[in-house]
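In: let's see this in three dimensions:
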Amino acid sequence: MSGVRFDRFLASTAVVLLLAAAPGAMAEQIGVPGPDMAAPEMGTPSAGQPEGDSKSMTAKPDDTGKETAKQPSSTPDQTSPQPTSPMPAAAEPAAVAPAPSTGESATPAATAGPAEKPQPAAATDTAPSATATAPAAATPVQPSTAANPTAANPTAASPPPAPATATDLSAADAAVAEQLRELANGKFDRILGDKKERVFVDAFYSGRDYAPLWITDGKPNARANAAIAYLRNVDADGLDPVDYPVPNFATLTTPAALAEGEMRLTRSVLTYAHHAEMGRVHWSRVSGDIFYDQTPPDAADVLADMVAANDVAEALDAYEPHAPGYLALKAKLAEIRAGKGDTAKAPIPGGPTLRVGMQDDRVPQLRERLGLTGDGRVYDKALAEAVKSFQREHELKATGTLNTSTVEALNGRQPDRPTDIIIANMERWRWMPHDLGKTYVMVNLPDFTLHVIHNGKEVWQTKIVDGKPALPTPIMSAEMKYITVNPTWNVPPSIVAREYMPALQQDSTVLERMGLRVTHNPDGTIHISQPPGDRNALGRLRFNFPNKFLVYQHDTPEKHLFAFAKRAFSHGCMRVQDPVKYAEVLLSIVRPGEGYTQDRIRRMFGNNETDIQFPKFVPVHLTYQTAFVDESGRLVFREDVYGRDKALLAILKGDERKVADIPIERKENPVRRAMLALPDQGPFWGHGFGDGGFFGRLFGSSYAAQPPASGSRRQRRTERQPDSFFMPR
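Out: Numbering: from 1, shown residues only. Below you'll find the model as predicted:
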């Protein structure tokens, strides 16, 4: 028994000695640092926390499929419990962006933006403590490279300089910071209008402890001077400097005035970035037949860009489009304003009507314009035939004589104010995705052309027929996902009920005799479709890029319409002149090496509908370019077929200008709204609506759309009538 008591005595003594020798270890178990306990190095996992836990960088796929780094929050999550750490929070240094090369003293970084765009980290209100507990002399636990990315790169291991705070500012800037803090107490309401923008701006400045962005030592810094100079010259991009007022810092002497100048410059920079990225006029105000899925630039991102920029002008210019078509128009705008612009070829002068055998000084110029060879001043038979062909293409009376209307058509459309038309087109470029893609399809509706761009170069183009003025083809961007061979045209139920049922009541065989298939649904209704074939209204190929307007591109049996110069004949969809070649070009890009030649595609023609899927989708941009620079470098103007220039310029020059950048709700086109509400019965896209007698519309594809004798009364009637009832959109 005494031996047992002696053993207990020895055990108790050992416990006492252990506690005396290691107070820090016991303290660590209860979450309190012991007197000899060293703080772990940055990046070392806490007890019970695995390496690379919530503080590590994690990869998260974004909407495009790319992986973007998910940034750790700069502020603690107030809703989740925080792990107990043996190191005081003040001892943990914050990441700091490198100071911009703008000539002023270092300024604190902006609040970090979204993960897609690396931004400077947020500056804390309190500088890192210089008296933080130093690591103990004992060998520290080495952090993993996953938790500490700089461990693998010794040159990046040294910490950046501490961020500037209000206490680091000069007396003049500290006074401005105090005034900014006072403005923030009112949430900047007096200067900033947009509530969401005010939240981001307040977060930005509070993250800097209200240190000014544009002012150093009580004066505008190099960053401010660069921004002011840039905003004063935005007319180069077709914008008005009046919309982006800049402060005259030379007249601002008090801290309160400087603080207001600071905020007004901030507001103008944010307004400009929004207009450059999205448009001075929101597209919804121009027409309901326009749609772009835009995301406005985040105010915090814009200001962070200004902090990080080595060249502020370059950073601001990055918000404008940089597509070749936009830059070419920008250059032409500068030339015209400088009086150097050559907007078109020299016009052919007016004069007497020319007939075969007559002599005139205009004949050599006329030959050059029509691409003919020959000498002399005689208006010969070859020239008269070329004029007749031109007249036919431009829907003029094909007489072969050179009259006033033919001269006007040869000279082309020359706007009274070409700069306005260029500015309107530059504005529409801002609506579009600024990254068009390396491979895409570009449709120019007023030019009635389609272009395929691959790796930045045009590889093919063709003529198209697009919507008539009453039923315009929409302006938008979408993605082509597949091609349908031998498409079936399914007639929408609303059209069946309104138009086809009355015809069937009069003649039960009329639709079948026209090649339409009539079937009866279980609920007693009927379904009408046009099976694949040469007479199908969609032709043999349909090019599908799903969109809210239910338009697409397709083949057509109405080939004669491509002979006209102005081809606004459809109900919104685009008819392609050479669809087989178009399919070959696209499939050679998205499915290379699979042998989709024109011959193979034609061998697929038959009675079975087949879809050829695109492994990688192709952007399709439906644009409205009434002014563009052609491949020869010449500025070309086209007719404002749908009145988009007129509507846009009216907004820019009218009272609506004050709120023009604010989107509005528009009612859907009633025809399209009815289509969207229909039940899904397959790809019924494409239809025709008429207003002149049932059988005139019913047989329109072989009646109304035939090219009549030029200038006849029947031609005038055809121009007024809509497409065939059976023709697609």
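In: C-alpha only now, for contacts and for neighbours.
Out: OK.
In: how about the longest strand along the chain: buried residues?
Out: Identified as the longest strand of the chain according to DSSP state E is strand 610-623. For strand 610-623, a neighbour-count test (16 or more other Cα atoms under 10 Å) marks 611, 613, 614, 617, 618, 619, 620, 621, 622, 623 as buried.
In: leaving out sequence neighbours, find the closest residue to the last one.
Out: Nearest residue to residue 623, sequence neighbours excluded (Cα to Cα, 6 or more residues apart in numbering): residue 444, at 5.1 Å.
In: list the contacts of the one you found.
Out: 450, 622, 623, 624, 625 (Cα atoms under 8 Å, 6 or more residues apart in numbering).
In: thought the third one was touching residue 445?
Out: Yes - counting by Cα atoms under 8 Å, residue 623 does reach residue 445; the two are 6.2 Å apart.
In: did I read that right, residue 463 in a strand?
Out: Yes - according to DSSP: H, G, I helix; E, B strand; the rest coil, residue 463 belongs to a strand.
In: what's across from it in the sheet?
Out: On the basis of DSSP bridges, residue 463 is bridged to residue 449.
In: that one contacts residue 449, doesn't it?
Out: Yes - if you go by Cα under 8 Å, residue 463 and residue 449 touch, sitting 4.6 Å apart.
In: the stretch 201-350 of the chain: strands as residue ranges?
Out: Under the criterion DSSP state E, counting those that start in this stretch, strands of the stretch 201-350 of the chain are mapped to 215-216, 219-220, 290-291.
In: mean neighbour count, those: which tops it?
Out: Mean neighbours per residue, mean count of other Cα atoms under 10 Å, is largest over the strands of the stretch 201-350 of the chain for strand 215-216, with a mean of 25.
In: list the neighbouring strands of that one plus their orientation.
Out: strand 219-220 (antiparallel).
In: how many neighbours does the nearest residue to residue 234 once chain neighbours are set aside have?
Out: Spatial nearest neighbour of residue 234, chain neighbours left out: residue 241 (5.9 Å); criterion: Cα to Cα, 6+ apart. Using other Cα atoms under 10 Å, residue 241 has 17 neighbouring residues.
In: could you check how far residue 241 is from residue 280?
Out: With the distance defined as Cα to Cα, to the nearest Å, residue 241 ends up 12 Å from residue 280.
In: swap in residue 525?
Out: 50 Å.
In: tell me which of these two has more neighbours.
Out: For residue 525 versus residue 280, the count of surrounding residues by other Cα under 10 Å is larger for residue 280: 25 against 11.
In: residues contacting that one?
Out: 239, 427, 660, 661.
In: which of those residues fall in helices?
Out: residue 427 (DSSP state H).
In: so can I have TSV of the contacts of residue 280 showing distance to residue 232 and pLDDT?
Out: Conversion of these to TSV gives the following (distance: Cα to Cα, whole Å; pLDDT from 0 to 100):
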residue	distance to residue 232	pLDDT
239	10	97
427	18	98
660	21	95
661	20	92
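In: most neighbours, which of the contacts of residue 280?
Out: Busiest of the contacts of residue 280 [other Cα under 10 Å] is residue 427, holding 25 neighbours.
In: gap between the residue nearest to that residue when sequence neighbours are not counted and residue 652?
Out: Excluding the flanking residues, the one nearest residue 427 by Cα to Cα, 6+ apart is residue 279, at 5.9 Å. To residue 652, residue 279 is 11 Å away according to Cα to Cα.
In: ok, those two, which is more surrounded?
Out: Neighbours were counted for residue 279 and for residue 652 using other Cα under 10 Å; residue 279 has more, 23 against 15.
In: OK, contacts around that one?
Out: 427, 428, 430, 431, 661.
In: and the furthest pair within those residues?
Out: Distance extremes for the contacts of residue 279: the farthest pair is 428 and 661 at 13.0 Å, using Cα to Cα.
In: domain assignment for the protein?
Out: 1-34, 166-320, 363-411, 437-689, 690-729 (automatic domain parsing).
In: weakest of these by average pLDDT?
Out: Lowest mean pLDDT of those: domain 690-729, a mean of 35.
In: ranges for the helices of the stretch 201-350 of the chain?
Out: Counting by DSSP state H, counting those that start in this stretch, the stretch 201-350 of the chain has helices at residues 222-231, 255-278, 299-308, 312-317, 324-337.
In: elements contacting the third one?
Out: Spelled out, it's helix 299-308. Contacts defined by 3 or more Cα pairs under 8 Å, 6 or more residues apart in numbering; DSSP states H and E place helix 299-308 against helix 195-207, helix 255-278, helix 312-317.
In: how does it look with 7 Å?
Out: helix 195-207 (3 or more Cα pairs under 7 Å, 6 or more residues apart in numbering; DSSP states H and E).
In: quick one: work out the angle between the helix it packs on and helix 255-278.
Out: With axes from the mean of the first three to the mean of the last three Cα atoms, to 10 degrees defining the directions, helix 195-207 sits at 130 degrees from helix 255-278.
In: okay, buried residues for helix 195-207 please.
Out: For helix 195-207, a neighbour-count test (16+ other Cα under 10 Å) marks 197, 198, 199, 200, 201, 202, 203, 204, 205, 206, 207 as buried.
In: ok, and what's touching stretch 251-261?
Out: 175, 176, 179, 180, 247, 249 (Cα atoms under 7 Å, 6 or more residues apart in numbering).
In: same thing but 8 Å
Out: Under Cα under 8 Å, 6+ apart, the answer for stretch 251-261 is 172, 175-177, 179-180, 191, 212, 218, 246-249.
In: please apply the same query to stretch 220-234.
Out: Contacts of stretch 220-234 (Cα under 8 Å, 6+ apart): 102-104, 214-215, 240-241, 244, 246, 249, 265, 269, 272, 306, 312-313, 316.
In: now do the buried residues in that stretch.
Out: Neighbour count says stretch 220-234 has 220-228, 230-232, 234 buried, by 16+ other Cα under 10 Å.
In: then stretch 619-636?
Out: 619-629, 634-636.
In: output it as CSV, restricted to C-alpha atoms.
Out: This file holds the C-alpha atoms of stretch 619-636, laid out as CSV (Å, rounded to 0.1, in the frame of the first residue of the first chain):
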residue,chain,number,x,y,z
PRO,A,619,-21.3,35.1,-81.9
VAL,A,620,-23.7,36.7,-84.3
HIS,A,621,-23.8,40.5,-84.3
LEU,A,622,-26.8,42.1,-86.0
THR,A,623,-25.6,45.7,-86.5
TYR,A,624,-27.1,48.9,-88.0
GLN,A,625,-24.2,50.6,-89.7
THR,A,626,-25.4,53.5,-91.8
ALA,A,627,-21.9,54.8,-91.8
PHE,A,628,-18.8,52.6,-92.2
VAL,A,629,-15.4,52.5,-93.7
ASP,A,630,-15.1,50.0,-96.5
GLU,A,631,-12.1,47.8,-97.4
SER,A,632,-10.6,50.5,-99.6
GLY,A,633,-10.7,53.0,-96.7
ARG,A,634,-13.6,55.0,-98.1
LEU,A,635,-16.3,56.4,-95.8
VAL,A,636,-19.7,54.9,-97.0
